[in-house]
Structure formats: C-alpha cells, structure tokens
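Visitor: For reference, the sequence and a predicted model appear below.
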Amino acid sequence: MTSTRPQRAGRVPASVDAVARVMVDVPLAHLDRPFDYLVPAELSEAAVAGMRVRVRFAGRRVDGYVLDRGPSSDHDRQLAFLERVVGQEPALTPETTSLFRAVADRYAGTFADVVRLGVPARHAGAESRPLPPAGAVPAAGPAEGWSRYRAGPSFLAAVRDRRPARGAWSALAGEAWPHRFAEAVATAVASDRGALVVVPDARDLARLDAAMSARLGRGQYLALSADLGPSERYRRWLAVRRGAVRAVIGTRSAAFAPVADLGLLAIWDDGDDLHIEPRAPYPHVRDVLVLRSTLTGAALVVGGFARTAETAQLVESGWAHEIVADRSVTRAAAPRITAVGDDVERARDPAATAARLPSVAWRTARDALASGHPVLVQVPRRGYVPALACVRDRTPARCPTCSGPLATTSGHAIPTCRWCGRPAGSWRCPRCGGKRMRALVVGSTRTAEELGRAFPGVSVRTSAGDSVLDEVPAGPGLIVATPGAEPLAPDGYGAALLLDGWALLARPDLRAAEEAFRRWSNAAALVRPDGQVVVGAEASIPAVQALVRWDAAGHAARELAERAEVGFPPAVRMASLTGATGAIAEILELAQLPDPSDVIGPVLTGDGTQRVLIRVPRPLGGELANALKAAAAIRSARKAADPVRIMLDPSAPF
DNA sequence: TCAATCCGTATC
DNA sequence: ATACGGATTGAC
C-alpha cells in the first residue's frame, strides 16, 4: 500500500489510477520486472500504457516504459513520482508488450534488451511529420498462384476467414514467391486485418516491394529495414504503430513491428542466418513469428525453396501443416538435376579447374549457352573453417561421445572435440571404417576465371561480396556467384553448375547438409524448367538426392531425425554459455537446471573464454531458460564483473 | 545506551 | 551508481 507521508512539494498524485507499473531500461537481469511509480496529476493524461517515461531509479535518471496503470501498489515503501513522459505517443502496444516479454523469456533475456531490438530510437521530428494517409484498400483479386499447392487455396481461405492457419510452404522451382506473399497479404488486408512479411536481406525486400506495389499499390504497405536513416525509420515505424498502413514488409527487426490486429505473418527462407539477431538475446525471426502467431492467433506461413529442421519440427508436432505441390507439378516445374561427385572432386584444385571441368558440367553449360540462355555457376565463399574429415570419403569427423565436430588444436597431433573437449584418438569413419582423417582446406574464387577460360568468347560476370548483381540480361553468358548473391535472370537460367558442394558439406557444422541443400535449391530455383542443374557432390549424399527430387520437406524431416539421433536442436532444446572460466562455473553452480539436463563441456574457445552446452528434452526448454535467467539474475545482483553470454538453441554452438 | 561506521543488498 | 537497513563498534 502506498504511504500517506507528505509528498514532495508541488507534486500531487493523479486522482485515478495514480500508480504506473514501469519497466526500467537497465541491462541487469535481476531488475527485469516492473517497478511502481506515482503518476503526478499533471502527467495523468499523458502517462498511458506503452509510453516512454523518465524515472529516478536508485538515484539515477533512467528511461522506462509504462506497462499499465492501477489504483494501488504492493510496494510497501514510499513510491517515487514519474519525472517526465517522453514524446506524445506510446512506444509499445499491448500486443508488442506481451511479445517482448515472451521473446525475453524464451531466450533467457531481459524485456529491455528485446525492446531495444523492436523499437527504433525516437526521432522527435518524425512525430510531427506523419506519412500521408493511405487510400482505399483494393479488393483482393484472384490468387491463382497458390492453387498449384495442395493446401494453398485452403490456407488463403483461412487467412480470409481470419482463422489461425499455420503453413510450412515448400516453394516450387521458379516460384515468384514475392507475388505469392503479396497475394496472401492482400487477402489479409481485404479481410481488414494486418499483415507482416519478413525476408532475409535488402535484395529480397526489393523484390517483395515490387510485388507488393503491383498487387496492393503504394501507400497500402510500408517497408521497414535497417538501412533507412534513423529519422525515416522512426517515421515509418510510427506510421505502422498509428495504423496508417495495415501491411508491413521488412528485414529482421520488422518481426517486432507494431502491426495492429494481425491476420497474417510470413517469413521467407528461414534457414538464412540473417534471420538470427546478433544482439542479445539473439532471437530468430521464425521463433519471434511463431510466438507472435501463438499470442495473437494470426496465420503464419514459413516459406522457402528449402526447409529447416526447425520448420520440419513445427510440421511434425502438428503446429503447422504442409503447403506443398503434388509430385507431378513439382517435377514439371523443376529443372533436371544431375549429381557429378567424383569429377568435381578432382576439379577441386583451382589451377586445374579449367582443364578438368567435369565433362557433364562442361556439356551442360555449352548446351545452355548454345540455346541462348545464361548459365549460373555457384562457387564457394571464402573463409570456411578447416574441418577434419575421413581421408577416403570426406565424411566429416565427429566425436564418438557427443557427436561434436573434431578439430586439431595447434601443436597437438590428437584431434579433440570442439564441444566436449575429449580427445578422439581412436576415431573410425562411420561410413567406410577408415582410421585416417585430415583437414580439408578450402578454396578460392579463382574458379571463376578458370571457368571463363573454358568458354572463350563468352561473357563472364561475377556476383559476390560487395558487388552483387540484381539481374543479368537474357542471352548467353556465364554468371559466377557465391551463395546468396545469385542474380535473377528474366527468363530463367538455362543451366546452373553448383561447384561448391565439397566446401559446403565439409563444414564442421551439424547444419552443413541443411545449408548445402538451401544454397543449392535457392540457385536451382532460378533455372528454367527445361534447363539443367549439375551439382558437384556425390549422388549418394541425402542432400543431393533430395535436391534431385526437389523434396525440401523430405530432406528437412530427415535432418530433424538426425538431430534427434545426435541430440541437437530442434529435437532437443539447448543453451550455450560463453564467458570466463569462473563465470561459467558460477552460473552452473547457481542454476537449478531441469532434470534431466546434459551438460557438455566446458571447452576452451579460441579467444581464451570457456563454453558449455546444456541440453534438455524439448518440453523442458522453458524451464532451462528460466533457470539460466534466474542464475544470471543472481550474478547480476552480486555485481559479478565477467559477463556470460547465454544463447538458447544457438544455430552454430561452436 | 546511543551514535558513528561498516557492509550487504535493493533499487518503486 | 546511491541509498538504506541492519549489524558492529566504541565511548560514555
């Protein structure tokens, strides 16, 4: 109960709901809860739920957010007054408030951290400079493109009827996915509900923007991305918050956009690691949208040419349903895909590439060029971590105890596990039984030039790194691109040579096969249905077989089963802790981990810090996050100096 | 017995 | 960071 002691001179509490519950913007885990403040009468009108405020907290002035107002407080001491209300309009809506809390809880992070991800910096000028109001909403036209997929029309019908349908959409090769998303958004908007689509990068956003503009018209939606200036970014975000537009498209942080009355959420290519937020608490866009769909009842579609094991998990659990085409439709849309393992393996030496370009690949490229179409050549990016693999068949070497990747630390002959640190002296290849392993050294982009020499007189363009091409002209030409930088070809490529298989599959990463499939299918999807794809990897590799069948769902299901075998997310829930040795030990000591929990490590990392992994059965994931958050809270209350980074379900925990 | 000081903990 | 409560110390 609030005390009746005299208030500070000149301040009188508001006559109704004089107490505001405030989340203060401090980075300490043990302060991640509401604090009550008295609302002075003169701020009573302004201090509504969601407003930014300034308050005195432990002798300092800090920012905070009003969660709600009430008549009284449970705090048994004198309450301080709110000092100031910042700005004219709320930064949080009731829906984003609960979303930020849910995301913080899911990732063992704080509300304040998540608010910083989801709410752009205020730019006072923008509040008085609103966007022009949108015109009338166009009626949703027919969306024939979705009828190629078995559950496509029923998904759209669910969006129209405001039902919370959830779909895992495996796009057909060549699919104009931005148009499908624009149709789905138009359907939601025509039912007078909001929609939100998140894509990995600026190029995808530009393509989606074009499709949205054609379908809905400018003014009906807004694009939010990090590369807008602070003022424009805040202006657009504010327009969304005010309900000036119903639909939002954007990159990563748009997942938190305060779209009102959500009817549809969508994400493209959730395997792209740009969907992972690099700032604490490191949420993944897909998980944010899953939480948001659960909290609001909005429909959700997770679309891509590939599918992640996480999305397969959503399907397997029954939370999402398949949106896929029949086999005959799939076959008709996909180019012919051929695997050439051995040939391309031999061509790994860049100096010898031109001379030894696999004959199948060479003929494929020649035929496509002859028929007047461009040819896409996908080559590895620089900077792969050297991995250990079987000398004979290049099966990646894994720890016999915990399935972690093996690596040689400098000066030691015996490889050790990067997860649990155990030496693996008596390793045997699980595929061929071989005993010897060696480091696979990764290659260079010189492949491009070498390839060019194999086709004299043909123009060769590169799209990689900081010079990425959006589109290439129709007509014959070689386009050498790194994964993710493939330009569009207006009539489709006549062929694609995917020469980076060995580098992709040799990565010391449990996601290597999933990532290889994703990069291959994103490239192969740009090839004409009458075109050809040559993938430089053994035909016996499951990712290759799935690519040949254009079976993203099957491959993801298989990946999920394999993760279950080795105890890796999403089959289990996992946390990684990184920090100084003593700090890690302290967290492990303090945390009341759920039972059962499996603590793997600690191991020393390259930079002198330590890392442990903790895994628990899926249903205990919430408990794991709570336990780690509580332990971090005790440490922060003790003013522990050494920080510990806590990541839940890290995509690459080493 | 009471004030001055130290230390741990909460921060409204 | 700063403020506060409770424990501890020391002077009368």
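Guide: Right, received. Where do you want to start? Numbering: from 1, shown residues only, chains lettered A, B, ... in the order given.
Visitor: shaky segments in the stretch 451-600 of chain A?
Guide: Counting by pLDDT under 70, the stretch 451-600 of chain A shows low-confidence ranges at A:451, A:500, A:502.
Visitor: what number of residues lie near the residue in the stretch 501-650 of chain A positioned nearest to DNA strand B?
Guide: Using CB to the nearest atom of the strand, the single residue of the stretch 501-650 of chain A nearest to DNA strand B is A:Ala637, 5.7 Å away. The C-beta positions use only the backbone N, C-alpha and C, and glycine is treated the same way. A count of neighbours around A:Ala637, defined by other CB atoms under 10 Å, yields 12.
Visitor: So it sits against A:His30, correct?
Guide: Yes - with contact defined as CB atoms under 8 Å, A:Ala637 reaches A:His30; the gap is 4.2 Å.
Visitor: max-length strand in chain A?
Guide: strand A:60-70 (DSSP state E).
Visitor: Flag every buried residue along the helix or strand just after that one.
Guide: Following strand A:60-70 in sequence order, the next helix or strand is strand A:82-86 (DSSP states H and E). Neighbour counts using 16 or more other CB atoms under 10 Å place A:Leu82, A:Glu83, A:Val85, A:Val86 of strand A:82-86 among the buried residues.
Visitor: can you check stretch A:588-598 too?
Guide: Neighbour-count burial for stretch A:588-598, counted by 16+ other CB under 10 Å, picks out A:Leu588, A:Leu590, A:Ala591, A:Leu593, A:Pro594, A:Ser597.
Visitor: Can you tell me which of those lies closest to A:Tyr149?
Guide: A:Pro594 (39.6 Å; CB to CB).
Visitor: I'd guessed the closest one sits against A:Leu624; true?
Guide: Yes - taking contacts as CB under 8 Å, A:Pro594 lies within contact range of A:Leu624: 5.8 Å.
Visitor: and for those two, which residues touch both?
Guide: Jointly contacting A:Pro594 and A:Leu624 under the rule CB atoms under 8 Å, 6 or more residues apart in numbering are A:Val616.
Visitor: touching DNA strand C at all, the lengthiest helix in chain A?
Guide: For chain A, the longest helix by residue count, based on DSSP state H, is helix A:621-637. No - Helix A:621-637 does not reach DNA strand C (CB under 7 Å from any atom of the strand); its nearest approach is 8.6 Å.
Visitor: contacts for that helix?
Guide: Counting by CB under 8 Å, 6+ apart, A:28-32, A:105-109, A:573, A:575, A:577, A:583, A:586-587, A:590-594, A:597, A:614, A:616, A:644, A:646, A:648-649 sit against helix A:621-637.
Visitor: what comes up buried for it?
Guide: Under 16+ other CB under 10 Å, the buried positions of helix A:621-637 are A:621, A:623-636.
Visitor: What about A:Leu274? Give its phi and psi, please.
Guide: phi -70, psi -20 (degrees, to the nearest 10).
Visitor: Grab the nearest non-local neighbour of A:Arg558.
Guide: Among residues not flanking A:Arg558 along the chain, A:Pro542 sits closest, at 5.9 Å (CB to CB, 6 or more residues apart in numbering).
Visitor: Other residues contacting the helix or strand hosting A:Ala557?
Guide: Using DSSP H and E, A:Ala557 sits in helix A:552-566. For helix A:552-566, contacts defined as CB under 8 Å, 6+ apart pick out A:168, A:170, A:304-309, A:311-313, A:315-316, A:322, A:324, A:398, A:402-403, A:510, A:513-514, A:517, A:521, A:542-543, A:546-547, A:569-572.
Visitor: And the nearest residue to A:Ala143 once chain neighbours are set aside, how close does it get to A:Ala298?
Guide: Among residues not flanking A:Ala143 along the chain, A:Glu183 sits closest, at 3.7 Å (CB to CB, 6+ apart). According to CB to CB, to the nearest Å, A:Glu183 and A:Ala298 sit 17 Å apart.
Visitor: When those two are compared, which one has more neighbours?
Guide: Neighbours around A:Glu183 and A:Ala298, counted as other CB under 10 Å, are more numerous at A:Ala298. The numbers are 27 against 22.
Visitor: And the pLDDT at the more buried one?
Guide: With respect to pLDDT, A:Ala298 scores 98.
Visitor: wouldn't it be in contact with A:Ala266 here?
Guide: No - when contacts are counted by CB under 8 Å, A:Ala298 is not listed as touching A:Ala266 (9.9 Å).
Visitor: That'll do, ta.
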